[in-house]
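Student: fold the following.
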Amino acid sequence: MATIKKNWLRAGISLFVLLLGVFYIVKARETKDEMAVEKAETKKADDLYTFEYTGPDFSKANVEDESKWTYTTNTDLCSGLDERPCRIQVSEAFVSNPSTSPSLNPSANISAALNSGTGTHYVDGIADPSGVISNMEN
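Tutor: A predicted model of the protein is given here:
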């Protein structure tokens, strides 16, 4: 009887240690995956150039005009409401003179849509598939 108790005790302890090992491995893997995602997000933000809308009004022609967008080192995004343009982020392929004085390249192909509630246009598309559009409220 004492032998059976010892065997069950050993089996129970072994199973407990095995489960702890499995949990440790799974947790380490999750942490590694989270770090990889964080690193990818940081790399993406570092690889993008941010431009802020500086046009005189929110007409379709002005919003779509690349010369009305000015490079900024501020990478913060705006509220996201589709009422008027704020900032866009594009990769280097859509930037002229990236190392000296970055300016938005016409290949960015900004498209604007009308917000019928406010009568203003906002950015609803850019050619860069990895780009980010950031509009704001009026």
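
Student: what sits against the nearest residue to R87 once chain neighbours are set aside?
Tutor: Closest residue to R87 apart from its sequence neighbours, by Cβ to Cβ, 6 or more residues apart in numbering: S134 at 4.5 Å. Just so you know, the C-beta spots here come from the backbone N, C-alpha and C atoms, and that holds for glycine as well. Shown in contact with S134 (Cβ atoms under 8 Å, 6 or more residues apart in numbering): L77, C78, G80, C86, R87, I88, Q89.

Student: from those residues, which land in strands?
Tutor: Judged by DSSP state E, strands contain the following of those: C86, R87, I88, Q89.

Student: and of the contacts of S134, the nearest to L48?
Tutor: Within the contacts of S134, the smallest distance to L48 is 4.0 Å, found for Q89 (Cβ to Cβ).

Student: where do the helices sit along the protein?
Tutor: Under the criterion DSSP state H, the chain contains helices at 2-47, 60-64.

Student: redo the contacts of S134 as CSV? Include distance to S96, neighbour count and pLDDT.
Tutor: Below are the contacts of S134 laid out as CSV (distance: Cβ to Cβ, whole Å; neighbours: other Cβ atoms under 10 Å; pLDDT from 0 to 100):
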residue, distance to S96, neighbour count, pLDDT
L77, 23, 17, 92
C78, 24, 16, 92
G80, 27, 11, 77
C86, 21, 20, 96
R87, 18, 21, 96
I88, 15, 25, 96
Q89, 16, 21, 96
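
Student: between those residues, which is nearest T118?
Tutor: Checking the contacts of S134 against T118 with Cβ to Cβ, the nearest one is C86 at 13.8 Å.

Student: tell me how far the closest residue to that closest one other than its chain neighbours lies from Y122.
Tutor: Residue nearest to C86 in three dimensions, not counting chain neighbours: C78, with 3.5 Å by Cβ to Cβ, 6+ apart. From C78 across to Y122, the span is 10 Å (Cβ to Cβ, to the nearest Å).
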